[in-house]
Structures are given as C-alpha cells and as structure tokens.
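Peer 1: what follows is a predicted structure for the sequence shown.
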Amino acid sequence: QVQLVESGGGLVQPGGSLRLSCAASGRDFSYYTMGWFRQAPGKEREFVAGISWRRGTTYYADSVKGRFTISRDNAKKMVYLQMNSLEPEDTAVYSCAADLSGSGIHEIGSYDYWGQGTQVTVSS
C-alpha cells in the first residue's frame with residue numbers, strides 16, 4: 001500500500017514557476033514508476049510527466065516538454081515537478097501517481113495509487 005500527498009500548488013502569473021511535491025508513504029517506493037497527471041475543468045485527466053524506477057528515465061507530454069522537469073528522491077520518498085514558464089492552459093488539478101508494474105508510464109490505467117491532487121491556477 002502506498003499513500004501519496006501532493007503539495008505546492010497555488011496561484012501564479014503567466015510566465016511564473018511552481019514546484020509541486022509528492023510525499024509517499026509505504027514500502028518499496030523506489031520500485032514504483034511515478035507520474036504526474038492533471039485534469040482541467042471539463043477535460044479528461046491527462047499525462048504530464050513520468051519517471052521510471054530503474055534508471056530514472058523521464059518522459060513528458062509534448063505540451064510541457066522543455067518547461068517542466070520531473071525528479072525523484074528515493075531516500076526521502078519524494079517526487080517533484082518543477083514547472084517553469086507557466087501558461088494559463090496549465091491550470092488544472094495536478095495529481096501524482098505510483099505504478100508498480102511500470103508497463104505504461106503514459107497510461108492512467110497503469111497506475112495503482114493516486115494522491116488527492118493540488119490545484120494550480122495560472123492567471124494574471
């Protein structure tokens with residue numbers, strides 16, 4: 001069993017930055033592929049970024065590539081999402097998720113555990 005708690009969301013102006021954090025509890029965190037997803041009002045949840053457990057390989061949605069960076073600290077059981085050059089289109093609830101199988105880092109259905117989410121609002 002893994003519990004995930006996100007923090008770091010808030011209101012930021014376009015062009016600004018935020019760093020989201022995801023704290024995990026439970027065993028074997030280092031063996032989980034971790035992902036960040038987001039859901040904007042009226043839209044489906046979508047993949048934002050993922051990081052594998054074995055080599056720390058990172059993956060990004062095209063819409064955030066070059067602006068967002070995912071990282072993990074296995075010793076602290078933490079995952080981070082550094083978000084730069086934020087745009088109004090980035091406004092959403094951001095959730096972290098854990099996947100033990102690592103079979104589909106982009107796929108919502110591959111993830112076993114989810115956090116409650118943190119709101120990110122980009123507006124002037």
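Peer 2: Structure's in. What do you need?
Peer 1: the residue nearest the centre of the chain is in what secondary structure piece?
Peer 2: Geometric centre of the chain, nearest residue: W36, 2.1 Å, by C-alpha atoms, centre = their mean. Of the helices and strands defined by DSSP states H and E, W36 is found in strand 33-39.
Peer 1: now T69
Peer 2: Counting by DSSP H and E, the element that carries T69 is strand 68-73.
Peer 1: continuing past that strand, what's the next helix or strand?
Peer 2: As assigned by DSSP H and E, the chain's next helix or strand after strand 68-73 is strand 78-83.
Peer 1: report the inter-axis angle for that following strand versus strand 68-73.
Peer 2: Using axes from the mean of the first three to the mean of the last three C-alpha atoms, to 10 degrees, the direction of strand 78-83 lies 160 degrees away from that of strand 68-73.
Peer 1: pull the residues that contact strand 78-83.
Peer 2: The contact list for strand 78-83, computed with C-beta atoms under 8 Å, 6 or more residues apart in numbering, reads 17-24, 34, 36, 48-49, 51, 64, 67-73, 90, 94, 96, 120. For every residue, glycine as well, the C-beta is placed using N, CA and C.
Peer 1: who does the one helix or strand A97 maps to pair up with?
Peer 2: Using DSSP H and E, A97 sits in strand 92-99. Sheet pairing for strand 92-99, assigned by DSSP bridges, gives strand 33-39 (antiparallel), strand 113-114 (antiparallel), strand 118-122 (antiparallel).
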